[in-house]
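[1] let me see the structure of the following:
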Amino acid sequence: MRKRHPTPSDWHVMTNDITFSITTTRFDEDYAPAENSRVTTNFANLARGAGRRQNLRGALSMMDRRVNELLSVDARYRLELDIVSVQLQFSDGTDDERFPVIEVLDVHIVDTETGERHAGIVGNNFSSYLRDYDFSVVLPAAKAAAGAFTVPDDFGDLHGKLFQHFLDSSAYRDRFPSSPVICISVSTSRTYHRTGVVHPVLGVEYVQDAFSLTDEYFAKMGLRVRYFMPRGSVAPLAFYFRGDLLADYTDLQLAGTIATMETFQKIYRPEIYNAVVPAGEVYRPTLDQAEFVRTGIDYDREERSQLAVVQGRYAEEHFVKPHRAALDAWSANVGAVLR
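    Numbering: from 1, shown residues only. Purely as a prediction, here's the structure:
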């Protein structure tokens, strides 16, 4: 018999010996990170220190201005954001039965003229302890063993399988009607070329010269990538998605995601997303760009990188090692990644 842990407040699905549960937290100027929240997330980093409320208010104002710019209206819309926290629960008898695997953002767009609240896109930001483990523990260990940078053949397999099963579960599908879209920065290791495709909200499309390690990692999660530079932007964004990015979402939904994630990137990577000179026909992003504008919102990028290692070790200690047998059996039972 499978062991189940139903509660009235959680959304559950059982996949062999794994249960997913979802909780949400409003991201507003009063937001404070929960104890089990990944502190390397964009939103958690902004919400600490003496200037936390000013940081949050500034970021949210930037998002609201941007969504109205993209939709060519005057202060009609504002965004409401919820942090979606996903916990994975084991029934293998170990002490660490519940583990916070994923955090994403759910966007809603409020029409201030009519009062109507429109569903946006879930995903946007993507945070994962297991991804920290893969990139901050597994990759350095592989490099040390080989004496040169190397990527293990099974790199990201477990993470990809867990993510896809979560998306295919009733826990996700009963709550979110559409597939997620993850929106992040372009890679500084790749060169991008314009394609000639132009979307009314997403903007001008770019393609990369080769798949990056991040592209390949998200592919194991069942997500494809397209790159677009929206009107008024200075650099393309990477959009990871299932299905059809251009057909599955409305312009309003896409504008909500762009406004949210471009704001974070302007704060986190101003050298790229707040550069003075916009990307041209051929574009190679760099963090060495000298001509850019700071947002005035505090963001500790160095601390974020250091915490990724700390949280990768946490995942190793509390997720990978104690559940190694259960994870191996589950992964073998699931089989190859299908999407």
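[2] what's near enough to touch Leu167?
    Counting by CB atoms under 8 Å, 6 or more residues apart in numbering, Leu167 touches 173, 179-180, 222, 242. Backbone N, C-alpha and C define where each C-beta goes, glycine included.
[3] repeat the analysis, applying 10 Å as the threshold.
    Residues near Leu167 by CB atoms under 10 Å, 6 or more residues apart in numbering: 123, 173, 176, 179-180, 221-223, 242, 339.
[4] could you do Leu246 as well?
    Contacts of Leu246 (CB under 10 Å, 6+ apart): 197, 199, 201-202, 205, 226, 228, 254.
[5] from those, which land in helices?
    Counted as lying in helices by DSSP state H, out of the contacts of Leu246, are Leu254.
[6] lowest-pLDDT helix or strand in the chain?
    The helix or strand of the chain with the poorest confidence is strand 14-15; it has a mean of 38 (mean pLDDT, DSSP states H and E).
[7] packing partners for the very next helix or strand once past that strand?
    Sequence order places strand 18-27 as the next helix or strand after strand 14-15, per DSSP states H and E. Strand 18-27 sits against helix 42-46, helix 52-70, strand 77-90, strand 98-111, helix 157-167, helix 170-173, helix 324-334, with contacts defined as 3 or more CB pairs under 10 Å, 6 or more residues apart in numbering; DSSP states H and E.
[8] mean pLDDT for these: which is lowest?
    In terms of mean pLDDT, the lowest-scoring of those is helix 42-46 (a mean of 72).
[9] how many residues are close by Val207?
    When counting by other CB atoms under 10 Å, one arrives at 15 neighbours for Val207.
[10] tell me if it really is in a strand.
    Yes - according to DSSP: H, G, I helix; E, B strand; the rest coil, Val207 belongs to a strand.
[11] mind telling me what element the closest residue to Ile184 other than its chain neighbours is part of?
    The shortest distance from Ile184 to any non-neighbouring residue, by CB to CB, 6 or more residues apart in numbering, is to Ala238 (5.2 Å). Taking DSSP H and E as the criterion, Ala238 maps to strand 237-241.
[12] pull up the pairing partners for that strand, direction included.
    Note on strand 237-241: by DSSP bridges, its sheet partners are strand 181-185 (antiparallel), strand 224-229 (antiparallel).
[13] rewinding a little: hmm, the residue nearest to Ile184 is touching Val225, no?
    Yes - using CB atoms under 10 Å, Ala238 is in contact with Val225, at 5.7 Å.
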